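# test case, fold it:
(chains A and B)
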Amino acid sequence: QQQVKQSPQSLIVQKGGIPIINCAYENTAFDYFPWYQQFPGKGPALLIAIRPDVSEKKEGRFTISFNKSAKQFSLHIMDSQPGDSATYFCARGNFNKFYFGSGTKLNVKP
Amino acid sequence: NAGVTQTPKFRVLKTGQSMTLLCAQDMNHEYMYWYRQDPGMGLRLIHYSVGEGTTAKGEVPDGYNVSRLKKQNFLLGLESAAPSQTSVYFCASSRTGNQPQHFGDGTRLSIL
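Numbers count the residues shown, from 1 in each chain, chains lettered A, B, ... in the order given. Reported below is the predicted structural model:
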């Protein structure tokens, strides 16, 4: 059972563009929504996280938007840079278990 | 500050062989997790532990066993390896279940 649906699977933007990655979920019994960034050969690293009582959270160039009624949350990367090229995973979790999206491979071209 | 360390980093096995993957964390975290990562499928939880001496099944536990004899270590065992278990395995730890998970750099396992 897929707990989180992530899109798009891959994304190419020019430097300075604003890539947007979307995730949708079904079950509401979760209260923690982190985003992870993964570079080739490395493990995922926490990028930013949000709880459903907050509609938006910014950390540097990264912003999470959360729409509880639509059961969706999104990651925006402002002024994207080639160094942001990586695979991004959304996740949802509560207490013991986390469910991850299938990942979005982002390529930021110089 | 090592964080989460996984050994080995690479391994090739033959079908039917057994092996153990080791995960060690130095952050005094209570919770530890084992995931597998396959192309297009994200990370799937195999087993997890909420404290020393405890283990529980995750989303895809079949064919794997785990042990948490010490708080800092979480072992993942494959008793009889199958080609379907070819994957990248990640260990993670967190202070509690609702806290960020810290990941190791993975073990790349191929089963021929």
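# residue B:35 is in what secondary structure piece?
In the assignment (DSSP states H and E), residue B:35 maps to strand B:31-37.
# just the CA trace of that strand, in CSV.
Coordinates of each C-alpha in strand B:31-37 appear next as CSV, following Å, rounded to 0.1, in the frame of the first residue of the first chain:
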residue,chain,number,x,y,z
TYR,B,31,15.3,4.4,17.8
MET,B,32,17.0,2.6,14.9
TYR,B,33,15.8,1.5,11.5
TRP,B,34,16.7,-0.6,8.6
TYR,B,35,15.5,0.3,5.1
ARG,B,36,16.1,-1.0,1.6
GLN,B,37,16.2,1.3,-1.4
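# adjacent strands (with direction) for that strand?
The pairing partners recorded for strand B:31-37 under DSSP bridges are strand B:43-49 (antiparallel), strand B:87-94 (antiparallel).
# now do the buried residues in the first one.
Residues B:43-49 are the ones in strand B:43-49 that count as buried (16 or more other Cβ atoms under 10 Å in any protein chain shown). C-betas here are computed from N, CA, C, even on glycine.
# my guess is residue B:96 contacts residue B:28. True?
No: counting by Cβ atoms under 8 Å, residue B:96 does not reach residue B:28; the two are 11.9 Å apart.
# tell me the SS of residue B:80?
Classification of residue B:80 using DSSP: H, G, I helix; E, B strand; the rest coil returns coil.
# and residue A:68, how far from chain B?
18 Å (Cβ to the nearest Cβ, to the nearest Å).
# any stretches of the chain with poor pLDDT?
Using chain A here. Along chain A, segments meeting pLDDT under 70 span A:1-2, A:28-30, A:95.
# chain B was what I was after
For chain B, the stretches flagged by pLDDT under 70 are B:1.
# middle-most residue in it, spatially?
Centroid check for chain B by Cα atoms, centre = their mean gives residue B:34 as the closest residue, at 3.0 Å.
# any idea what that one is bridged to?
According to DSSP bridges, beta-bridge pairing links residue B:34 with residue B:47, residue B:91.
# next up, the contacts around it.
Neighbour list for residue B:34: B:21, B:23, B:45-48, B:58, B:64, B:66, B:74, B:76, B:89-91 [criterion: Cβ atoms under 8 Å, 6 or more residues apart in numbering or on different chains].
# so how far is chain A from it?
12 Å.
# quick one: that residue from residue B:67, how far?
Separation of residue B:34 from residue B:67 (Cβ to Cβ, to the nearest Å) stands at 11 Å.
# which residues do the two both contact?
Shared contacts of residue B:34 and residue B:67, counting by Cβ under 8 Å, 6+ apart, come down to residue B:74.
# please list the residues of chain A that sit near chain B.
A:4, A:6, A:9, A:31-32, A:34, A:36, A:41-46, A:49, A:89, A:91, A:93-103 (Cβ under 8 Å from any Cβ of the partner chain).
# could you pull out the strands for chain B?
Taking DSSP state E, the strands of chain B run over residues B:4-7, B:10-13, B:19-25, B:31-37, B:43-49, B:56-57, B:64-67, B:73-78, B:87-94, B:102-103, B:107-111.
# now do the nearest residue to residue B:101 once chain neighbours are set aside against residue B:39, distance only.
Leaving aside its sequence neighbours, residue B:101 sits nearest to residue B:92 (Cβ to Cβ, 6 or more residues apart in numbering or on different chains; 4.1 Å). Counting by Cβ to Cβ, the gap from residue B:92 to residue B:39 is 20 Å.
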